[in-house]
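K.L.:
Pasting the sequence and the predicted model now:
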Amino acid sequence: MEYESENRLIFKDADDFEELRAMNQNLTFSAMEESFQKRNIPFSEENFTSLGLRNPEDKQFTNLAWLLSDQCQHTLKIAVFDGEDKSIFKDRKEFSGSIFRQLEEGYTYLQLVNRTAGRFSGLERIDLTDYPEEALREALLNAVIHRDYSFSGSIIINANDACMEFISLGGLLAGLSKEDICNGISLPRNKKLAELCLRLKLIESYGTGIGKIYRAYTDCNQKPEFIITPNTFKVILPNRNSESKESKKDKKTKNSISYLPFPREMNPGLLMEQQSSYKALSLQKKTVLSYLEEHKSMSEKELQELLQIRKTRAYLLSREMQEEGLIVIEGRGEKKVFHLKS
């Protein structure tokens with residue numbers, strides 16, 4: 001931790017963190033190279049100076065290079081809680097290394113946390129994720145791209161049954177107000193990082209993220225909140241499937257919502273009464289078993305169509321049924337099929 005403390009003293013009064021010489025000059029960039037290759041963008045250390053990763057005068061690595069390197073010491077922490085408070089953990093993850101890797105792995109994990117609830121309107125089943133995927137993506141990008149990296153603390157994401165909070169270090173830059181950013185005004189703290197994310201098409205243009213988050217909740221009663229202090233920026237996304245505080249739904253409507261569960265590894269040490277939430281899945285399991293009894297086998301696509309669920313949820317459901325000894329999974333990818341266990 002000496003390294004972080006020394007960094008904090010050096011960077012505290014820096015005008016531009018990105019351009020300062022990195023304390024660690026033994027850097028590798030495997031995760032960054034993967035991100036470039038994934039988007040068919042040429043990756044070459046010859047471009048490091050123009051990208052802001054090397055100082056043009058002495059060719060030393062900059063702090064921007066350190067952030068993008070595999071040796072980056074900043075982390076992203078995600079905690080999932082039971083209920084609407086923060087007293088009982090369901091799961092917690094910490095992502096480290098290059099901030100490109102943290103973005104990729106963090107977003108993948110948030111997609112697993114983002115449950116889908118099913119409601120029936122007449123004969124039609126309507127599936128709705130707890131959080132709009134675009135809002136999750138933009139809130140995560142905002143936290144990573146615009147945080148103040150001169151602080152050594154982690155980006156914190158807390159998820160419970162009511163909302164998801166994204167907390168990053170660093171308030172607004174001098175001269176900006178909350179109203180300014182809500183109106184699309186952008187003054188990036190980490191300009192070169194933002195430019196690089198724009199080049200990789202992680203963002204479309206400056207100043208559009210907050211607007212996208214708001215628009216993702218256009219048809220919802222509850223709206224996102226932005227809480228800003230001198231040293232923190234918090235985005236709160238309400239759970240679209242939770243009961244509205246202003247206008248509570250009747251119990252009949254609330255009980256008609258059926259959730260798919262979190263994967264097993266996200267529920268270490270749950271009490272027996274907490275496990276009762278899995279009973280909502282029994283009807284889906286019976287539907288799958290009945291189908292297999294009649295048709296003998298089923299593809300993953302057929303499972304999605306039968307239950308009207310997404311690919312990720314189909315994967316979690318089939319894996320749980322396999323672990324319980326109900327089905328056998330053969331093959332991978334498009335050739336994956338499910339059979340009853342004999």
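P.N.:
Perfect, I can see it now. Numbers count the residues shown, from 1 in each chain.

K.L.:
Helices of the protein, start to end?
P.N.:
For the chain, the helices defined by DSSP state H occupy 2-11, 30-38, 48-51, 63-68, 99-113, 133-146, 178-182, 191-199, 209-216, 251-255, 272-275, 282-295, 300-307, 311-323.

K.L.:
Highest mean neighbour count out of the ones you listed?
P.N.:
Burial of these is given as mean neighbour count (mean count of other Cβ atoms under 10 Å); helix 63-68 ranks first at a mean of 26. Using the backbone N, CA and C atoms, a C-beta is placed for each residue, glycine as well.

K.L.:
still on that earlier bit, and the helices of the chain, which one's lowest on average pLDDT?
P.N.:
Comparing mean pLDDT across the helices of the chain, the weakest is helix 272-275, with a mean of 36.

K.L.:
For the helices of the chain, give me CSV that also has distance to residue 168.
P.N.:
What follows is the helices of the chain, written out as CSV (distance: least, Cβ to Cβ, whole Å):
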stretch, distance to residue 168
helix 2-11, 16
helix 30-38, 20
helix 48-51, 23
helix 63-68, 14
helix 99-113, 12
helix 133-146, 4
helix 178-182, 13
helix 191-199, 13
helix 209-216, 13
helix 251-255, 33
helix 272-275, 31
helix 282-295, 37
helix 300-307, 35
helix 311-323, 26
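
K.L.:
right, so of these, which gets closest to residue 24?
P.N.:
helix 63-68 (6.1 Å; Cβ to Cβ).

K.L.:
could you say what helices and strands that closest one packs with?
P.N.:
Helices and strands touching helix 63-68, by 3 or more Cβ pairs under 8 Å, 6 or more residues apart in numbering; DSSP states H and E, are helix 99-113, helix 191-199.

K.L.:
can you tell me which residues contact residue 65?
P.N.:
22, 27, 29, 48, 53-54 (Cβ atoms under 8 Å, 6 or more residues apart in numbering).

K.L.:
For it, which non-adjacent residue is spatially closest?
P.N.:
Nearest in space to residue 65, with sequence neighbours left out and distances taken as Cβ to Cβ, 6 or more residues apart in numbering, is residue 53 at 3.8 Å.

K.L.:
How far does stretch 122-135 sit from its chain's centre?
P.N.:
18 Å (Cα atoms, centre = their mean, to the nearest Å).

K.L.:
now what about that stretch, what contacts it?
P.N.:
111, 114-120, 164, 212-213, 216-217, 224, 237, 239-242, 308-310.

K.L.:
Out of those, which sit inside strands?
P.N.:
116-120, 164, 237 (DSSP state E).
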